[in-house]
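K.L.:
following is a predicted model, sequence given first.
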Amino acid sequence: MNLTTKRLILTLLAGSLVGAIFVISKLLLGRGLSPLIVSLIQTAGAAAVLLAVQRARGARLPLDPASRRFYLIAALIAVAGSALLGNWVLARIPAGIFTVVVTLSPMFTSLFNALVERRWPSPTAMLGTGLGLLGVLLVLVPRAKAVEAEQALALTVALGVPVLLAIGNVYRSRHWPTGLSAPMSSAGTMLVQALAVLPLIAVSGQRASVEQLAASWPLLLAMVLVTLSANVAAAALQRIADSVAYSQIGYVIALTGVVWGAVLFGERLGWSFVPALALVFAGVVLANRRVVAANATVAVSPALPALNGAR
């Protein structure tokens, strides 16, 4: 399997799994579980399973200074975007509406990456990002019109989620520690996320009864397994794609949310779903063509070690 095909498969897989996480979170919050409790079980459970599997294979979690710093910064960005802002917003607006906002993450990623590198993305990458955005807006804008007036504040706060996602995309692409595997990156980051959520739970006073947890254990187990798979797939993608190409999973997440809404909540996909899917796929392909060129440059030019080390 060549790198381009691998990137495309990982983009579709990671985006679909993350989209499923949003839906499962919405279902759990609808059962009365608090956002922080859900985040703790999600991250601690996924990290524990990953670490156990890696330990059985004879691998240990890297704890060198670069890896520890990477876990900490990536985890804090994730906690702010998911456990705090994301779950707070999901408890107040429909999951389908929330995905409208998430689709802005590739645009913010392109902007932040341009600011950091002091150059604009290639025309191909910008075209791919634009096509993907057009595709998801085709199906999501009509749904966004259903937002009620009292949900306007939550929708405004939700803008912080794609901003934080974009910051995380750029940081991980540029500061990935040399030799750190995708499973270990996911395990270390989620472990720190779980530890960061504990003091937030203590301060907020959020609790969950044994009865609530027992009644929701199938969904909680699904959340752990899907989170584990999504993080490993996303980390594997991040190692072989730059931040702009990686951010295309935001568009896949959005369409996945629409599909799950149709499956679980009986929402209609509508005529626009097929052209939207085609636009998103075309956008992902175009964005990844830029990565092919970048990787070829690294391979033949030892004068650009920073690009190779950023994966």
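P.N.:
Received the coordinates, thanks. Residues are numbered from 1 along each chain as shown.

K.L.:
quick one: list the elements packing against whichever strand or helix holds L264.
P.N.:
In this assignment (DSSP states H and E), L264 forms part of helix 249-265. In terms of contact count using 3 or more C-beta pairs under 8 Å, 6 or more residues apart in numbering; DSSP states H and E, helix 249-265 is assigned the packing partners helix 3-30, helix 95-102, helix 105-117, helix 123-144, helix 273-300. No exception for glycine: its C-beta is placed from N, CA and C like everyone else's.

K.L.:
output these in a markdown table; the columns should cover mean neighbour count, distance to E211 and mean pLDDT.
P.N.:
Shown next, in a markdown table, are these (neighbours: other C-beta atoms under 10 Å; distance: least, C-beta to C-beta, whole Å; pLDDT from 0 to 100):
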| stretch | mean neighbour count | distance to E211 | mean pLDDT |
| --- | --- | --- | --- |
| helix 3-30 | 20 | 14 | 84 |
| helix 95-102 | 24 | 25 | 68 |
| helix 105-117 | 20 | 37 | 79 |
| helix 123-144 | 20 | 34 | 72 |
| helix 273-300 | 18 | 39 | 60 |
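
K.L.:
which among the ones you listed is found nearest to M223?
P.N.:
Among those, the nearest to M223 by C-beta to C-beta is helix 3-30 (4.9 Å).

K.L.:
continuing past that closest one, what's the next helix or strand?
P.N.:
Toward the C-terminus, helix 3-30 is succeeded by helix 35-56 as the next helix or strand (DSSP H and E).

K.L.:
now that following helix and helix 3-30, what's the angle there?
P.N.:
Interaxial angle, helix 35-56 versus helix 3-30 (axes from the mean of the first three to the mean of the last three C-alpha atoms, to 10 degrees): 140 degrees.

K.L.:
got the buried residues for helix 35-56?
P.N.:
Using 16 or more other C-beta atoms under 10 Å as the test for burial, helix 35-56 gives 35-51, 54.

K.L.:
same thing with stretch 181-190?
P.N.:
182-190.

K.L.:
low pLDDT regions in the stretch 101-250 of the chain?
P.N.:
For the stretch 101-250 of the chain, the stretches flagged by pLDDT under 70 are 121, 139-152.

K.L.:
at which residues are the strands of it located?
P.N.:
Remark: strands of the stretch 101-250 of the chain are absent; assignment by DSSP state E, counting those that start in this stretch.

K.L.:
so can I have CSV of the helices and strands packed on helix 249-265 showing distance to A202?
P.N.:
As requested, these are exported to CSV (distance: least, C-beta to C-beta, whole Å):
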stretch, distance to A202
helix 3-30, 20
helix 95-102, 27
helix 105-117, 31
helix 123-144, 36
helix 273-300, 41
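
K.L.:
out of the ones you listed, flag the one nearest A158.
P.N.:
Ranking the helices and strands packed on helix 249-265 by proximity to A158 (C-beta to C-beta) places helix 95-102 first, at 4.3 Å.

K.L.:
OK, contacts around the nearest residue to L51 once chain neighbours are set aside?
P.N.:
Residue nearest to L51 in three dimensions, not counting chain neighbours: A187, with 5.0 Å by C-beta to C-beta, 6 or more residues apart in numbering. Each residue near A187 by C-beta atoms under 8 Å, 6 or more residues apart in numbering is listed here: 47, 50-51, 54, 61.
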